[in-house]
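Trainee: Whatever this is, show me its structure:
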Amino acid sequence: METTKNTQTAETIADPSALGLLGLAMVTLVASSQKLGLTEGVSLVIPWAIFLGGFVQLIACIIDAKKNNVFGATAFGGYAFFWFSVAMTWFIQNGVFGEKLQAGADSHQLGFAFVGYLIFTLFMTIGSMETNKVLFIIFTLINFLFIGLALSSFGIAYEAAHKLAGWSEFLISLVSFYGCGANVLNRHFGREFLPLGKPFGIFKGENAQVRGVKTLLER
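Mentor: Numbers count the residues shown, from 1 in each chain. Model (predicted):
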């Protein structure tokens, strides 16, 4: 009985993908403007990091968890807490918590954090191959973002790495806006208004794809 109730509850909850992608699109658009030299400082990036990058993706994570979507919950949750951590980092670097903490900041520690998130994103990229091609493109670009962030934090080819991070982040924003729009309009119109691209079918196979399409149509 409990399983049946959980399944019925999951089916009545809306897919949070559009909301989560909106949060990702907005925060990466604002953050990339600073990396690309179009804007200066991070003071007005911080609110977008906390609320759009953090809270919006955390809400999407919780909804996906209720829908028993492990992949979606892990992705949105993982990146939500990434943006919370980035905002806290900027607070420390700008002396919000005092000069002593600011003076003790070692950017190499950020480099290790970015390497950790690169590892996380690599296996999530593999998982995204069996979701849709738009999501796969987003995860691929996130890999390049973390490569650029890690290299620049370690002081390796700083200028080139910083530009790689900035352009990757900007492209993440554009593709995420498209993914958000596609998820909203496809659901709203009940048809493929904007294509997201079929799964690659490498790991799950053709039969799994057919079952997934049938399940989607039955809903």
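Trainee: Now do the closest residue to residue 35 other than its chain neighbours against residue 73, distance only.
Mentor: Of all residues not flanking residue 35 in the chain, residue 166 sits nearest, at 3.3 Å (Cβ to Cβ, 6 or more residues apart in numbering). All C-beta spots, glycine's among them, are computed from the backbone N, C-alpha and C. Per Cβ to Cβ, to the nearest Å, residue 166 is found 29 Å from residue 73.
Trainee: Between the two, tell me which one has more neighbours.
Mentor: residue 166 (22 against 19; other Cβ atoms under 10 Å).
Trainee: from the middle of its chain, how far away would the helix or strand that one falls within be?
Mentor: Under the criterion of DSSP states H and E, residue 166 resides in helix 158-189. On the basis of Cα atoms, centre = their mean, to the nearest Å, helix 158-189 sits 9 Å off its chain's mean C-alpha point.
Trainee: Same check on stretch 104-117?
Mentor: 19 Å.
Trainee: Equivalent analysis for stretch 179-191, please.
Mentor: That offset, for stretch 179-191, works out to 19 Å (Cα atoms, centre = their mean).
Trainee: Could you give the average pLDDT over that stretch?
Mentor: For stretch 179-191, mean pLDDT rounds to 97.
Trainee: How about stretch 19-30?
Mentor: 98.
Trainee: Flag the shaky bits of the protein, pLDDT-wise.
Mentor: Within the chain, the segments meeting pLDDT under 70 span 1-11, 205-219.
Trainee: Helices of that one, residue ranges please.
Mentor: Secondary structure of the chain (DSSP state H): helices located at 2-12, 17-35, 46-48, 57-66, 70-93, 99-103, 107-128, 133-153, 158-189, 205-218.
Trainee: so what does the second one touch, helix or strand wise?
Mentor: For helix 17-35, the packing partners by 3 or more Cβ pairs under 8 Å, 6 or more residues apart in numbering; DSSP states H and E come out as helix 46-48, helix 57-66, helix 70-93, helix 158-189.
Trainee: any idea how far residue 31 is from residue 38?
Mentor: Taking Cβ to Cβ, one finds residue 38 at 11 Å from residue 31.
Trainee: Do I have it right that residue 65 meets residue 75?
Mentor: No. Counting by Cβ atoms under 8 Å, residue 75 is not a contact partner of residue 65; they are 11.4 Å apart.
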